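J.: got a predicted structure here, sequence first:
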Amino acid sequence: MSPSADAAAPASTSGFPLAPLIAAQLNYLLSHSKLPIRVGRIWSGCRKGTHADRFTLAIPFCLDYVHWDFVYNALYPKVAPDVVFGPEDEGFQPLVDYAEAGNGDKSCLARWDCRDPGGLLALVEELRELYIEYQKKRVGEVNDARVTFELSTVLSKEGIEVCMVPSTDRPDEVKFAVPLLDLDFAKLVQGCPWRLPQKIHLQVIFPISRSYSSVPSAPPPPRLKLISTPDLKSLFSVEDVKLPPWINGMCMAEYLPTLEENLKTLVVDASASIGSRRRFIEALAPTFGRPIEADPIFCRRATVVSISGIFTFLVHFAIPLQFPKQQPILTLQSSQHCNAEGIPIMSPPLNDYPWSPRWDPTEMVERIYEFLTEECQNFKKFCSDSITQQK
């Protein structure tokens, strides 16, 4: 569950609680933002104050985070906060730019109402959009023909972000964060618990050329990496995706369609794999008995109780995303033997049992049962030996 708007604010690092009006705005931001914003340090600007009134927010941008300080005044909590940007963004002065353009009245600060708990969220969203445009402008000033061409061809894609990546030990770089697959991933998973939108991005980093030779040379290829939001790994792992090769002279407008087509196929397969894993878990009941635990949404794990004579043990099934191409990993846990710390003794992971992805779920389970009929005796001996060694 997401926190309610009137839930307690994150703990202050100064020992003082946030002033109530300020806490309400911060809580509203954390529970309603579509971005995974993090709270860093919370502190008070007054040594003798009784409330904290300022904090650092880590705000997602271009597959990384920017850290901005939001400085309220606990003595005047009805006043809008000041914002302190990072030292690397001295040129980012959004309010000055607003004033010079005569658009100051368009800012949410011009309509600040301390009674509106959504004020801070509106401010963060406004500043982030201005920061995106600021970084696009910076990259547009780079003297690099390839970067200029990429900007002119892909910036029209919705949601794309770009920024400079300064470096002290190598040439500066330009990073593109390109959103892929306009899909609502939550609709692919029945009962999905995700609160935030799930995304897959292609990170593309171009080194800025600094060639002083009169003979033109081919620029080095960009560095490519797929990055997904953390929760999406329960459904689909981008680490398992093999990226298409980047051919010399290629641009992103040529590269993206093939990549997105491949990804779409893999995501559809990953969604279908949930059904395969669910049928496998359902097939456990006739042979092992009803599982005592199971993952009902992504069907990645299940646990059953097994008995061999007077030896009772648990069988944990870890079912991979690539099921049935990859077989479940089994771990046995004794219900009767504990180590010196009082922790139940467990077997090493087991996957050396007969397996074929072409078998139906019933045969898969029966083959595992036959394997465990013998393996449980080995595990029982392992447990007994472990207890003997403790004495």
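T.: Noted; the coordinates are in hand.
J.: could you list the low-pLDDT ranges of the stretch 151-300 of the chain?
T.: For the stretch 151-300 of the chain, applying pLDDT under 70 flags the ranges 210-217.
J.: kindly recompute the last result at 90.
T.: 152-159, 164-172, 181-198, 207-221, 230-231, 233-240, 248-250, 268-269, 271-272 (pLDDT under 90).
J.: now do the helices in it.
T.: 252-288 (DSSP state H, counting those that start in this stretch).
J.: ok, which stretches of it are strands?
T.: 161-165, 173-180, 200-207, 223-228, 293-294 (DSSP state E, counting those that start in this stretch).
J.: could you check the angle the first one makes with strand 173-180?
T.: Read it as strand 161-165. 160 degrees (axes from the mean of the first three to the mean of the last three C-alpha atoms, to 10 degrees).
J.: what does strand 161-165 contact?
T.: 61-63, 132, 135-136, 138-139, 142, 151, 155, 172-177, 205 (C-beta atoms under 8 Å, 6 or more residues apart in numbering). For every residue, glycine as well, the C-beta is placed using N, CA and C.
J.: and those residues, which of them are buried?
T.: Taking 16 or more other C-beta atoms under 10 Å as the criterion, what is buried in the contacts of strand 161-165 is 61-63, 132, 135, 138-139, 142, 151, 173-177.
J.: make TSV from those residues and add distance to Cys108 to it.
T.: What follows is these, written out as TSV (distance: C-beta to C-beta, whole Å):
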residue	distance to Cys108
Phe61	19
Cys62	23
Leu63	26
Ile132	17
Gln135	21
Arg138	24
Val139	26
Val142	31
Leu151	29
Glu173	33
Val174	30
Lys175	28
Phe176	29
Ala177	25
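J.: my guess is Pro354 contacts Arg367. True?
T.: Yes - contact criterion C-beta atoms under 8 Å: Pro354 and Arg367 qualify, at 4.7 Å.
J.: neighbour-wise, which of these two wins?
T.: Arg367 (16 against 13; other C-beta atoms under 10 Å).
J.: distance check, the more buried one against Leu121.
T.: Distance, Arg367 to Leu121, using C-beta to C-beta, to the nearest Å: 54 Å.
J.: cool, Thr148 as well?
T.: Thr148 is 35 Å from Leu121, by C-beta to C-beta.
J.: quick one: which of these two has more around it?
T.: Leu121 (22 against 14).
J.: out of the strands of the stretch 151-300 of the chain, which is closest to Lys48?
T.: The closest approach between Lys48 and any of the strands of the stretch 151-300 of the chain, judged by C-beta to C-beta, belongs to strand 161-165 at 41.0 Å.
J.: quick one, the closest one and strand 200-207 angle?
T.: Going by the same axes, to 10 degrees, strand 161-165 makes 40 degrees with strand 200-207.
J.: strand partners (parallel or antiparallel) of strand 161-165?
T.: Note on strand 161-165: by DSSP bridges, its sheet partners are strand 173-180 (antiparallel).
J.: chain center to the strand it pairs with: distance?
T.: With C-alpha atoms, centre = their mean, to the nearest Å as the basis, strand 173-180 stands 16 Å off its chain's centre.
J.: roughly how far does Thr50 sit from Asp82?
T.: 21 Å.
J.: typo on my end, it should be Ser273
T.: 50 Å.
J.: can you give me the mean pLDDT across stretch 85-97?
T.: Stretch 85-97 carries an average pLDDT of 83.
J.: what does that stretch rub up against?
T.: Val66, His67, Trp68, Gly104, Ser107, Leu109, Leu127, Leu130, Tyr131, Tyr134, Arg138, Pro166.
J.: assign a three-state SS to Glu129, would you?
T.: helix (DSSP: H, G, I helix; E, B strand; the rest coil).
J.: burial measure for it, as a count.
T.: 11.
J.: wait, what's in contact with it?
T.: Contacts of Glu129 (C-beta under 8 Å, 6+ apart): none.
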